[in-house]
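Asker: Just to be clear, the model below is a prediction. Sequence and coordinates:
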Amino acid sequence: MKNPKTLLRVSVIGTVIVALCCFTPILVIFLGVVGLSAITGYLDFVLLPALAIFLGLTAYALWRKKQYDALSNDSNNKSSFGEPRS
C-alpha cells in the first residue's frame, strides 16, 4: 500500500480552496475582475458539490492513513519480535 500522505495533502488543500470560494467573496470578486460575472449565479451548483466531494475525499484519506499507520506499526512490531536479542 502506498503512503496516503499525498492523497491527504491534496484533499485538505482542495477542501480549503473550495471552502474559501464558498464562504468568502474571493471567487465572485475574481470573476468580476476577469469579466465573467455572469456566471456567478451558477457557482452554487459547482462549489457545493465540489466541497462535498473534497470533504469525502479528506475523510477517505484519513481512513487510509489510519490503516496505513496500523499496518506499518504491525509490521514493525512483528519484525522486532522475530529478531534474536543480542
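Answerer: Looks like it arrived, so ask away. Every value quoted in this text rests on a predicted model; they were computed, and no experiment measured them. Residues are numbered from 1 along each chain as shown.

Asker: Pick out the residue nearest the middle of the protein.
Answerer: Nearest to the mean C-alpha position of the chain, by CA atoms, centre = their mean, lies Ser11 at 1.4 Å.

Asker: buried stuff in the helix or strand in which that one is found?
Answerer: According to DSSP states H and E, Ser11 maps onto helix 5-23. Within helix 5-23, the residues that count as buried by 16 or more other CB atoms under 10 Å are Leu7, Leu8, Ser11, Gly14, Thr15, Val18, Cys21. C-beta coordinates here come from the backbone N, C-alpha and C atoms, glycine included.

Asker: Just to check, the first one is in contact with Ala59?
Answerer: Just to be clear, that refers to Leu7. No - at 11.4 Å, Leu7 does not count as touching Ala59 under the criterion of CB atoms under 8 Å.

Asker: pLDDT below threshold where in this protein?
Answerer: 1, 78-86 (pLDDT under 70).

Asker: so where's the longest helix in it?
Answerer: As assigned by DSSP state H, the longest helix anywhere in the chain is helix 43-82.

Asker: Tell me the gap between it and the middle of its chain.
Answerer: Put simply, helix 43-82 sits 9 Å off its chain's centre (CA atoms, centre = their mean, to the nearest Å).

Asker: Make 31 the starting number, not 1.
Answerer: With the count now opening at 31, the last piece we talked about shows up as helix 73-112.

Asker: What is that helix packed up against?
Answerer: Packing contacts for helix 73-112, counted by 3 or more CB pairs under 8 Å, 6 or more residues apart in numbering; DSSP states H and E, involve helix 35-53, helix 56-64.
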